[in-house]
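J.: Generate coordinates for the sequence data below:
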Amino acid sequence: MADFQIEKRIIKRGFRAIAGVDEAGRGAIFGPVVAAAVILPPLLIGSRLSGWIEEIDDSKVISPSKRKRLAEAILANAFSVGVGSATNFEIDQKNIFWASLSAMRRAVESMPLAPDFILVDGFRLNDVNYPQRSIVQGDRKSISIAAASILAKVLRDEMMIHLDKIYEGYALSKNKGYGTREHYKALKKMGPTLYHRLTFNLRYK
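T.: Predicted coordinates for the structure are as follows:
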């Protein structure tokens, strides 16, 4: 279960605006990879976990309805939030690793209140002028990163629900752009859209 232990150690070093950064959609075959960066109030970090903050965890282990509720609470209470993405075209031109880091860097750069330290899920970000720490499975260890993972997941899922109305037949509302059996079946029947990642193994021919 994610907690604030990492953030508390960083605050003791004199930092205050600590941003958690994470992405969603890395393993999908359709659409962009979406990232979020979240700075939670230092007073919240220093207090006893209770209420909605106690419920925050890795977005992958939280139900869709709970993720949406927590995303609303995060947006209402966060000091600063940033969002970034990398399109499927960028993913095809470069690779998903580059695209994921680019989306996270863009999320940090879009924050109205800049952080003075960033916690990144997985890998270090290049070309950012902030002290940082990368944490493997950070969304399971840091509430700041977990909060970012929830926002990124909710935003991307909402995008998939919207695109499902435009690209009917791929069950995007259900599979959220991931390669399910139903999704691959639709690809073989209708072929890829402009949002499909052509460098991934689409199995549509």
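J.: for the helix or strand where L119 lies, packing partners?
T.: Assigned by DSSP states H and E, L119 belongs to strand 117-121. Packed against strand 117-121 by the contact rule (3 or more C-beta pairs under 8 Å, 6 or more residues apart in numbering; DSSP states H and E) you find helix 5-11, strand 18-24, strand 132-135, helix 143-166. No exception for glycine: its C-beta is placed from N, CA and C like everyone else's.
J.: got the CA coordinates for it in CSV?
T.: In CSV, the C-alpha atoms belonging to strand 117-121 read as follows (Å, rounded to 0.1, in the frame of the first residue of the first chain):
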residue,chain,number,x,y,z
PHE,A,117,11.6,17.8,-6.4
ILE,A,118,10.0,15.0,-8.6
LEU,A,119,9.3,11.4,-7.8
VAL,A,120,9.0,9.4,-11.1
ASP,A,121,7.6,5.9,-11.5
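J.: any idea which residue sits dead centre in the protein?
T.: The centroid of the chain falls nearest to E23 when counting by C-alpha atoms, centre = their mean (2.7 Å).
J.: which residues does that one bridge with?
T.: Beta bridges link E23 to A35, judged by DSSP bridges.
J.: That one and V108, how far apart?
T.: 12 Å (C-beta to C-beta, to the nearest Å).
J.: Listing partners with orientation, what would you give for the strand holding L119?
T.: By DSSP bridges, strand 117-121 pairs with strand 18-24 (parallel), strand 132-135 (parallel).
J.: Any buried residues in the shortest one, and which?
T.: Neighbour-count burial for strand 132-135 flags Q132, I135 (criterion: 16 or more other C-beta atoms under 10 Å).
J.: list the helices and strands the lowest-mean-pLDDT helix or strand in the chain packs on?
T.: Sorting the helices and strands of the chain by mean pLDDT, DSSP states H and E puts helix 42-46 at the bottom, at a mean of 79. Helices and strands touching helix 42-46, by 3+ C-beta pairs under 8 Å, 6+ apart, are helix 5-11.
J.: Now E7: closest residue in space, sequence neighbours ignored.
T.: I45 (4.9 Å; C-beta to C-beta, 6 or more residues apart in numbering).
J.: For burial, what's the neighbour tally of the one you found?
T.: 20 (other C-beta atoms under 10 Å).
J.: Ok, which of the strands paired with strand 117-121 comes nearest E182?
T.: Judged by C-beta to C-beta, the one of the strands paired with strand 117-121 that comes nearest to E182 is strand 18-24, at 20.4 Å.
J.: chain center to the closest one, what's the gap?
T.: 7 Å (C-alpha atoms, centre = their mean, to the nearest Å).
J.: could you dump that strand to CSV, C-alpha only?
T.: The C-alpha coordinates for strand 18-24 follow below in CSV (Å, rounded to 0.1, in the frame of the first residue of the first chain):
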residue,chain,number,x,y,z
ILE,A,18,7.2,17.3,-4.3
ALA,A,19,5.6,16.1,-7.6
GLY,A,20,4.7,12.5,-8.2
VAL,A,21,4.8,11.6,-11.9
ASP,A,22,3.3,8.6,-13.7
GLU,A,23,1.8,7.5,-17.0
ALA,A,24,-1.0,5.3,-18.3
